[in-house]
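Novice: here is my input, please return the structure:
(2 chains)
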Amino acid sequence: MSDLRHITIAEAAALIAEKRLSPVELVEEKLRLIAAIDPKMDAFITVTAERARAEAKAAEAEIAAGRYRGPLHGIPFGLKDIFDTAGIRTTANSKILIDNVPDRDATSAALIAKAGGVLMGKLSTWEFAHGGPAFDLPFPPTRNPWNLAHQTGGSSTGSGGAVAAGLLPGALGSDTGGSIRGPAALCGIAGLKPTFGLVSRMGVVPNSFSFDHVGPMTATVEDGAILLQAIAGYDPADPTSVKVAIPDYRAALAGGVRGLRLGIVRHYWEDDNPGTDEVCAAMDEAVRLLQSLGAVVEDIRMPPMQAFYDVKIVGAESELFANHEKELRERLGDFCADFLARSLAACLFRGVDYVQAQRERRRLVADMQRLYDRYDALITAGPPSGGAGRLDAHRTVAFWEKPSWTTPFNVTGGPAISICNGFTKTGLPLALQVAGAPFADAMVLRVAHAYERAAGWYTRKPPLEADTPAVPLKPYKLPDRIPDMDRATREIVETCARNAGLKLNEQQFILLAEAAPHALAMGRRLRRHKAWDLHPADVFRLAPA
Amino acid sequence: MSNDADAKTRHVIELRWAALETTARQFDQFCEAAPHVAALLRRIPRERSRWDDPANVFVLPSDKRR
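Specialist: This next block holds a predicted model:
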């Protein structure tokens, strides 16, 4: 469509710094692309065109006056619609917050604005960064720019779709169980979940207090490093924020992988959640490429993927339920079915289960140290299914059936990035993950950048154009009968729902009943005996004066 | 069923959910405590801003900070 469609942040920044590209020209082109293409894919919830034009003019004037702020000055960006933006609605794609207009900016949004970024709009999300894809939300599900019948993954759906389609060079997303890396993988871009506590969560509508991460979604790893540089740092307003020295992430990219030790978590894509033949072949090829670049690779074992998933789901769903308890009791029908299919089962977790999950989390975090001591970074696969699934084929119970490939690193809190490592025969992106020790974000970016540049997949762009025919879809089917369950289990489910103050109609009970066997099994697995002195990962401690 | 019978049935299910086997005396103790526990849970404030983090949030150990 134009040379500016898929221009990266790094490329645009270089041109802007040399005054060879005007921020006004860049923003106008992006607004034109959004108007032409977004109606096909629904990545945006709100386009802030007038504000963007004003900010672009201001950036242009500042740069002309010699006050260039750095590589984000005059660069368009977007925010998942769970980031507070003063005076701009922040809906979380939920009827619950449909009229919510915050009076402050999220810390990360304010930091990008301070660096000179131009806000183009608010991007679609699964409900409260959790339930989706869904056809029963205020805004429609984002379509995948590689194939409009397919989903983008979630929950940062609009961020993934808009960046892949070239509507934006970068966006922020959030990642509680994979919500940055999932859409990045399925849309063929780079999505970084930074270390927990490195980027402030302040002003980002919570999904789960203990697992939420904020991070960049960009066309390239280098662009992710540029965005991370702007948003990383201590924020006293976020109790999980940590004071650490912030390195020069972009400079660290140049190191390459020669001599680095990379642990290959092969059992994750071969055994724990087996990938398709295409996924396995792409991973084998990626490992060979890293080796040819000089990396020392060795197959390793992490704790089972299911162990991480049990900890995350019991912990995060309990926190999510607590955060939405009032609305779940009083406005249950205002949530989409997929949100309920995930969250209602938290009524089956007991306080004891939550504590056991947090104790197990501490054990898992400690267990990873043996790998961090031996390896510079860990490599594992992206989605085992390969490419994105069709939107109309989604099943609400899928969330419970298999452990997620992204979730281990939400539990460890260490950084993890998803980047493209090939395509399916049908033209949909595949992905791999690079992960690392907490606060080794620069190393993770370095390894990912070296692979990305050598493999070259990032140069391939989706075929979506303004004249691409729309693809009408019918909503996927919701389950319509109560699954078989013994009387004792049904009594527990009914009693727990009643004790939690939930008033369920038949459809809502079916959603809970489908999840129940999986949720109850998670609780049982977490109950195995633990050492008396194994503390939870989230012990109370007084803030230092 | 009377309210008492309803409550007892519910408590049997709650104990089964917690995988606890009780003697008759322990079950009576559980039933005696249950209304107080329910009242205690009702007293915990639930009308919170969605921005209120718990007091025991997860923070990465300081020795892991590189």
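Novice: so A:Leu348 makes contact with A:Gly523?
Specialist: Yes: applying C-beta atoms under 8 Å, one finds A:Leu348 in contact with A:Gly523, separated by 6.9 Å. Using the backbone N, CA and C atoms, a C-beta is placed for each residue, glycine as well.
Novice: quick one, phi psi at A:Met368?
Specialist: According to degrees, to the nearest 10, the main-chain angles of A:Met368 amount to phi -70, psi -20.
Novice: any figure for the gap between it and chain B?
Specialist: Look at A:Met368 and chain B: by C-beta to the nearest C-beta, to the nearest Å, they are 9 Å apart.
Novice: what's the longest helix in chain A?
Specialist: helix A:506-526 (DSSP state H).
Novice: who has more neighbours, A:Leu348 and A:Gly523?
Specialist: A:Leu348 (26 against 23; other C-beta atoms under 10 Å in any protein chain shown).
Novice: buried residues, the least confident helix or strand in chain B by mean pLDDT. List them.
Specialist: Ranking every helix and strand in chain B by mean pLDDT, DSSP states H and E puts helix B:3-17 at the bottom, with a mean of 89. Using 16 or more other C-beta atoms under 10 Å in any protein chain shown as the test for burial, helix B:3-17 gives B:Lys8, B:Arg10, B:His11, B:Val12, B:Ile13, B:Glu14, B:Trp17.
Novice: so which elements touch it?
Specialist: Secondary-structure packing of helix B:3-17 (3 or more C-beta pairs under 8 Å, 6 or more residues apart in numbering or on different chains; DSSP states H and E): helix A:487-499, helix B:24-43.
Novice: most packed of those helices?
Specialist: Mean neighbour count (mean count of other C-beta atoms under 10 Å in any protein chain shown) peaks for helix A:487-499 among the helices and strands packed on helix B:3-17, with a mean of 17.
Novice: give me the contacts around the least confident helix or strand of chain B.
Specialist: Contact partners of helix B:3-17, identified using C-beta atoms under 8 Å, 6 or more residues apart in numbering or on different chains, comprise A:348, A:350, A:488, A:491-492, A:495-496, A:498-499, B:1, B:21-22, B:27, B:30-31, B:34.
Novice: what two of the residues you listed are the furthest from one another?
Specialist: The largest separation in the contacts of helix B:3-17, counting by C-beta to C-beta, is between A:Arg350 and B:Met1 at 25.2 Å.
Novice: so for those two, which residue has more residues nearby?
Specialist: For A:Arg350 versus B:Met1, neighbours defined as other C-beta under 10 Å are more numerous around A:Arg350 (17 against 8).
Novice: identify the residue spatially nearest to that one, adjacent ones excluded.
Specialist: Distance criterion C-beta to C-beta, 6 or more residues apart in numbering or on different chains; nearest residue to A:Arg350, sequence neighbours excluded, is B:Ala18 at 6.5 Å.
Novice: where does the one you found land on pLDDT?
Specialist: Listed pLDDT for B:Ala18 reads 92.
Novice: these two touch, right, it and A:Phe349?
Specialist: No: using C-beta under 8 Å, B:Ala18 is not in contact with A:Phe349, being 11.6 Å away.
Novice: list the contacts of the closest residue to A:Glu401 other than its chain neighbours.
Specialist: If you skip the residues right next to it in sequence, A:Glu401 has A:His518 as its closest partner in space, 6.9 Å away by C-beta to C-beta, 6+ apart. A:His518 sits next to A:Ala345, A:Val397, A:Trp400, A:Glu401 when contact means C-beta under 8 Å, 6+ apart.
Novice: from chain B, how far out is A:His518?
Specialist: Taking C-beta to the nearest C-beta as the measure, A:His518 falls 15 Å from chain B.
Novice: likewise for A:Asp441?
Specialist: Using C-beta to the nearest C-beta, we find A:Asp441 at a distance of 10 Å from chain B.
Novice: quick check, pLDDT for that residue.
Specialist: Note on A:Asp441: pLDDT of 98.
Novice: from what I see, A:His213 and A:Thr176 are in contact.
Specialist: Yes: using C-beta under 8 Å, A:His213 is in contact with A:Thr176, at 7.3 Å.
Novice: so what's the gap between the particular helix or strand that has A:Pro183 in it and the chain middle?
Specialist: Taking DSSP states H and E as the criterion, A:Pro183 maps to helix A:181-187. Using C-alpha atoms, centre = their mean, to the nearest Å, the distance from the centre of helix A:181-187 to the centre of the chain it belongs to is 8 Å.
Novice: any idea of the mean pLDDT for it?
Specialist: The pLDDT scores in helix A:181-187 average 98.
Novice: helices or strands next to that helix in the packing?
Specialist: Using 3+ C-beta pairs under 8 Å, 6+ apart: helix A:181-187 touches helix A:157-164, strand A:190-193, strand A:416-423, strand A:429-435.
Novice: would you put the C-alpha positions of the next helix or strand after the first one in PDB?
Specialist: The reference is to helix A:157-164. Next in sequence after helix A:157-164, counting helices and strands by DSSP H and E, comes strand A:170-175. Extracted in PDB, the C-alpha atoms of strand A:170-175 (Å, rounded to 0.1, in the frame of the first residue of the first chain):
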ATOM      1  CA  GLY A 170       4.100  -0.800  18.000                       C
ATOM      2  CA  ALA A 171       1.600  -1.300  20.800                       C
ATOM      3  CA  LEU A 172       1.500  -2.300  24.400                       C
ATOM      4  CA  GLY A 173      -0.300  -5.400  25.600                       C
ATOM      5  CA  SER A 174      -0.600  -7.300  28.900                       C
ATOM      6  CA  ASP A 175       0.300 -10.900  29.600                       C
END
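Novice: secondary structure element for the closest residue to B:Ala55 other than its chain neighbours?
Specialist: Closest residue in space to B:Ala55, ignoring its immediate chain neighbours: A:Phe540 at 5.2 Å, by C-beta to C-beta, 6+ apart. Applying DSSP H and E as the criterion places A:Phe540 outside every helix and strand.
Novice: wait, A:Phe540 touches B:Asp53, no?
Specialist: No: using C-beta under 8 Å as the test, A:Phe540 is too far from B:Asp53 to be in contact (11.8 Å).
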